[in-house]
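Chemist: Here's my sequence, what's the structure:
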Amino acid sequence: MVAGMSSCSSRVEKDNSGSETQNENKMDALEVRYDWNNILTSAMGTGGMQEGDIPEYYLLSDAVTKTNQTNTMTEGVRVMSERVKLVDLSDSDIMGVINGVVQNAQTALENDLTWVSADDIEKIGKEYETGTVVEPLNYVSSAGTVFGQLYSVNIIYDRSYQLSDEEGMHIGEIAVSEGRALFNFDLRTGRVLKLQDLFYDNVDYIKLLTEKMDRIGREQGYSFKSSLRGLPEEYDMFCISGDGLVIGLPEENVFTESETWYSILLSDVIAYMAVDPESSRELFEESTGFSKCAFDVAGIAYQEYETQPPYEGDPLKLPLVSGISTSETINQNLIAWYQEITHADYYAGMDLSKGGSFSVEVASPINMVNVTVFVYLPAENRYLTLARCYRADTGSIMKAGDLIRDAAKAELPPEALETTNFRVGYDYTLGIPAQNGIEEDVVLAENQLNM
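Modeler: Residues are numbered from 1 along each chain as shown. Below you'll find the predicted structure:
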């Protein structure tokens, strides 16, 4: 059973009076069941009206949360725990309340031993060889993600019987139950957020999200009972994780045969979200370090183009672009390039007798589409880095010099400025490999780039 937190819809007062009662109420809400007979097919967000431009990046820091691990025995049950704690928030009162709610929820899950059965332990022991030790294990782990003013916490629990032989060697396990509790806090107020709070007032967030979830589900091959057309009211089975807004459907939902999860790229929804992904810096202590991370080009996806390698071997699968208006322009150039670099003539003077390997990386940060093909020729123990970078809005090929500031250009050879063979990172870096007249690798950082 997947659980969410649905209480506490107003600001948490700083004097903390009554917070114990609030936290107890949240524990009672751990097993939330949604009314799948009352599905919203359309609903507007409640996050306010949009102000300013669509952001190009968000801030990341691995210093705003800390984890603590414990491994204890309680009433014959091994309890393994990994607890997350928010740190360095400027408002220590709000931080204390948030951490208190999360810690209480984790404690409730750690202390829940009602699933342990002496009869089950005895029965399992009889089914295995004499001397098999059956140990109940309650594993609870939490992780936190800060995205702008939003703090998502994901607590998972996994209950099982662990089996070991007479010498203490692990020989197997029998699962009992698993699930999770999801929290989403506004770091400015301590308020627990609903899904609708994440989106602007004029955004039909139900329609937006269910369309994207349905597409992702089809791509993942989920088994649908009916087309995904909406979500229950006050839905809170969501969190931010990595570069995605993750939304789950529990086992009892009316759309899929089983529990399913959908990670929607933040780049595809940030234009509609009432979350400022650059606001983290102003919410935490000045000493807290953050780094910039670029969003993907909105809506971009990739398809496969199959071609033969320049040596005997299985067909290569190389990426083509889809989902953006310039896809056709970019793909025409990519196909011509693929045909060039997979033709034996391209490797004149190189030994292809022992075959080789091709691997590919794609990136699409800051209005760019970057495709990099890595080639390895084992006969010569030689690596080649072959790259192309395109403007996503026009489809035109870019030169490295297009992105380098004048002050940095003066320090580079002309070949580096004219090359189209370079890589762009989500961390606002640009890399040019030591090839084609460039004697050593060139790596440029954000302060040297027009990005």
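Chemist: can you give me the strands in the stretch 101-250 of the chain?
Modeler: Ranges of strands within the stretch 101-250 of the chain are 133-147, 150-164, 170-186, 231-232, 238-241, 244-249, based on DSSP state E, counting those that start in this stretch.
Chemist: Now distance to N370 and mean pLDDT too, for these, in a markdown table please.
Modeler: C-beta here means a position set from N, CA and C on the backbone, and glycine is covered the same way. Rendered in a markdown table, the data for these read as follows (distance: least, CB to CB, whole Å; pLDDT from 0 to 100):
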| stretch | distance to N370 | mean pLDDT |
| --- | --- | --- |
| strand 133-147 | 24 | 96 |
| strand 150-164 | 28 | 96 |
| strand 170-186 | 32 | 94 |
| strand 231-232 | 35 | 94 |
| strand 238-241 | 24 | 95 |
| strand 244-249 | 20 | 96 |
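Chemist: Reformat these into CSV and put distance to G96 and mean neighbour count next to each item.
Modeler: Written out in CSV, the entries for the strands of the stretch 101-250 of the chain read as follows (distance: least, CB to CB, whole Å; neighbours: other CB atoms under 10 Å):
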stretch, distance to G96, mean neighbour count
strand 133-147, 15, 20
strand 150-164, 13, 20
strand 170-186, 12, 17
strand 231-232, 32, 22
strand 238-241, 21, 21
strand 244-249, 27, 21
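Chemist: Rebuild those strands as JSON lines, extending it with distance to D88.
Modeler: Putting the strands of the stretch 101-250 of the chain into JSON lines (distance: least, CB to CB, whole Å) gives the following:
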{"stretch": "strand 133-147", "distance to D88": "10"}
{"stretch": "strand 150-164", "distance to D88": "12"}
{"stretch": "strand 170-186", "distance to D88": "15"}
{"stretch": "strand 231-232", "distance to D88": "34"}
{"stretch": "strand 238-241", "distance to D88": "19"}
{"stretch": "strand 244-249", "distance to D88": "24"}
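Chemist: which one of those lies closest to G313?
Modeler: With CB to CB as the measure, strand 244-249 is the member of those nearest G313 (34.6 Å).
Chemist: Where does pLDDT dip in this structure?
Modeler: Along the chain, the model assigns pLDDT under 70 to residues 1-32.
Chemist: show me what contacts E257?
Modeler: Taking CB atoms under 8 Å, 6 or more residues apart in numbering as the contact definition, E257 lies against Y222, S223, F224, K225.
Chemist: Output the contacting helices and strands for the helix ranked longest in the chain.
Modeler: As assigned by DSSP state H, the longest helix anywhere in the chain is helix 92-111. Applying 3 or more CB pairs under 8 Å, 6 or more residues apart in numbering; DSSP states H and E, one finds that helix 92-111 makes contact with helix 19-28, strand 77-86, strand 133-147, strand 150-164, strand 170-186.
Chemist: orientation of it relative to strand 77-86 in degrees?
Modeler: Direction vectors for helix 92-111 and strand 77-86, defined by axes from the mean of the first three to the mean of the last three CA atoms, to 10 degrees, enclose an angle of 160 degrees.
Chemist: Now helix 92-111: buried residues?
Modeler: Across helix 92-111, burial judged by 16 or more other CB atoms under 10 Å covers 94-102, 104-106, 108-110.
Chemist: Next: stretch 201-209.
Modeler: Of the residues in stretch 201-209, those scored as buried under the neighbour-count criterion (16+ other CB under 10 Å) are V203, D204, Y205, I206, K207, L208, L209.
Chemist: do stretch 282-302 as well
Modeler: For stretch 282-302, the buried set under the neighbour-count rule, 16+ other CB under 10 Å, comprises 283-284, 288, 290, 293-298, 300-302.
Chemist: ditto for stretch 270-286
Modeler: Neighbour counts over stretch 270-286 (16+ other CB under 10 Å) mark I270, Y272, M273, A274, V275, D276, P277, S279, S280, L283, F284 as buried.
Chemist: Ends of that stretch, what's the gap?
Modeler: Across stretch 270-286, the straight-line distance between its terminal residues is 26 Å, by CA to CA, to the nearest Å.
Chemist: residues in contact with that stretch?
Modeler: Residues lying outside stretch 270-286 but in contact with it, judged by CB under 8 Å, 6+ apart, are 45, 47-48, 50, 54-55, 57-59, 61, 64, 88-91, 146-150, 187-188, 197-200, 203, 205, 208, 266, 288, 290, 295, 298.
Chemist: Tell me which of those residues fall in helices.
Modeler: When DSSP H defines the helices, the subset of the contacts of stretch 270-286 inside them is Y205, L208, L266.
Chemist: Next, give phi and psi for the most centrally placed residue in the chain.
Modeler: The geometric centre of the chain, computed from its C-alpha atoms, lies nearest to G242 (CA atoms, centre = their mean), at 2.5 Å. In terms of degrees, to the nearest 10, the main-chain angles of G242 are phi 60, psi -130.
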